Structure formats: C-alpha cells, structure tokens
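*Asks:* sequence? don't have it. structure:
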C-alpha cells in the first residue's frame with residue numbers, strides 16, 4: 001500500500017521517485033510480520049517508510065553489530081548493550097539499545113517494546129533506546145529520541161555467534177520538520193564485537 005500523498009506530497013513524491021529509480025525488484029515478495037520483510041538470509045537491509053520499501057539490498061562492508069554484556073562479581077548480568085548498524089547502497093539504520101539494572105535479561109530472540117528508562121534500571125521486558133535511533137532511506141532521514149521511541153518494537157529473530165537478524169518497527173520523525181512516519185528497518189548484520 002502506498003502512502004497518502006495528499007498528506008505529505010513532497011516527502012511521498014521524493015521517496016516514490018527514489019524507490020522507482022531502483023526498479024521493481026526492490027519490492028519483496030515474501031510475507032512479512034508487522035510490515036517487515038522476514039528471512040533476508042544474508043547480510044542485508046530493507047527499510048520501509050509508510051508502506052514504501054527500499055530494498056532488500058545487500059549490506060555493505062560498513063554494516064556491523066556490537067553486543068556487550070557486563071556482569072557483576074557474582075556473575076549476574078547488570079548491563080547489556082546492543083548496537084545494530086546495517087548499511088546498504090541507498091539506506092541505513094543506526095540503532096543502539098541498552099538494558100541495565102540488577103539481574104537484567106540479556107538481548108535474545110523475541111520482540112520487546114522500547115521504553116525510555118526511569119530510574120536506575122530498565123523496566124522488565126523492555127529495551128531502552130540510546131541516543132537517536134535513525135533510519136535513512138534515500139534522502140529521507142527519520143529519528144526518535146528517548147521517550148519519543150516508546151511504543152516502538154525491537155524484534156530479534158536470530159541472535160547467534162555469527163550475526164543478528166530482525167527488525168525495528170515504530171513511528172519516527174523527520175528532524176527537519178518533525179513530521180512523523182511509520183518506519184521499519186529490517187536487518188541481517190554480522191557481529192563486529194560479540195561479548196555475551
């Protein structure tokens with residue numbers, strides 16, 4: 001489904017012209033979950049903005065992910081930090097999440113809502129955004145910060161010793177005018193740092 005071009009004629013037209021220049025193969029044929037493309041199968045990135053897909057496209061050598069888990073003297077996890085940076089020729093995402101507190105669960109396969117932390121720990125079952133979560137498709141940049149990311153979802157389908165695969169889905173805004181869009185960043189990236 002194409003976005004309502006009457007609501008955002010300039011943005012929608014620019015994105016549609018950009019996507020149109022990529023060719024028909026940028027529209028995936030597989031069924032997705034919550035609008036995200038599932039099963040990329042190799043290092044790849046797909047960005048969907050208001051229903052318009054850019055990709056899936058092969059990841060470049062600049063794509064990476066980092067996972068670092070910190071434990072206390074008793075071996076309990078007290079912080080887990082996850083950075084996901086998929087990059088393709090015409091799209092990228094810059095995603096950084098954290099969980100912290102006493103005996104927090106590390107990141108694993110499954111879906112978790114994003115929630116800005118209040119106090120000395122992240123709420124059970126949530127992931128905290130760190131800095132600006134950024135999704136880029138062509139000339140369009142969308143971001144959310146802190147509690148503006150609340151309600152977005154990080155879904156991890158695969159997290160193994162070689163790579164992480166999944167998607168971020170939520171409402172992000174253009175920092176130049178504050179206009180919100182529904183965005184999905186579907187990624188498959190290898191680890192640069194993996195310290196579980």
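*Replies:* Looks like it came in fine. On a predicted model such as this, the values are computed, not experimentally measured, just so you know.
*Asks:* surely residue 128 is in contact with residue 97?
*Replies:* Yes - assessed by Cβ atoms under 8 Å, residue 128 is found in contact with residue 97 at 6.4 Å. Every C-beta, even on glycine, is put in place using the N, C-alpha and C of the backbone.
*Asks:* neighbour count winner among those two?
*Replies:* Neighbour count, other Cβ atoms under 10 Å: between residue 128 and residue 97, residue 97 has more, with 22 against 19.
*Asks:* is it fair to say residue 95 lies in a strand?
*Replies:* Yes - counting by DSSP: H, G, I helix; E, B strand; the rest coil, residue 95 falls inside a strand.
*Asks:* in the chain, which strand is the longest?
*Replies:* With secondary structure taken from DSSP state E, the chain has its longest strand at strand 180-195.
*Asks:* helices and strands around that strand, which ones?
*Replies:* Helices and strands touching strand 180-195, by 3 or more Cβ pairs under 8 Å, 6 or more residues apart in numbering; DSSP states H and E, are strand 36-37, strand 44-49, strand 64-71, strand 77-85, strand 91-100, strand 163-173.
*Asks:* of all these, which one is nearest residue 195?
*Replies:* For the helices and strands packed on strand 180-195, proximity to residue 195 was assessed by Cβ to Cβ; strand 64-71 is nearest, at 4.8 Å.
*Asks:* distance check, the residue nearest to residue 195 when sequence neighbours are not counted against residue 89.
*Replies:* Using Cβ to Cβ, 6 or more residues apart in numbering and skipping residues adjacent in sequence, the residue nearest residue 195 is residue 68, 4.8 Å away. Separation of residue 68 from residue 89 (Cβ to Cβ, to the nearest Å): 29 Å.
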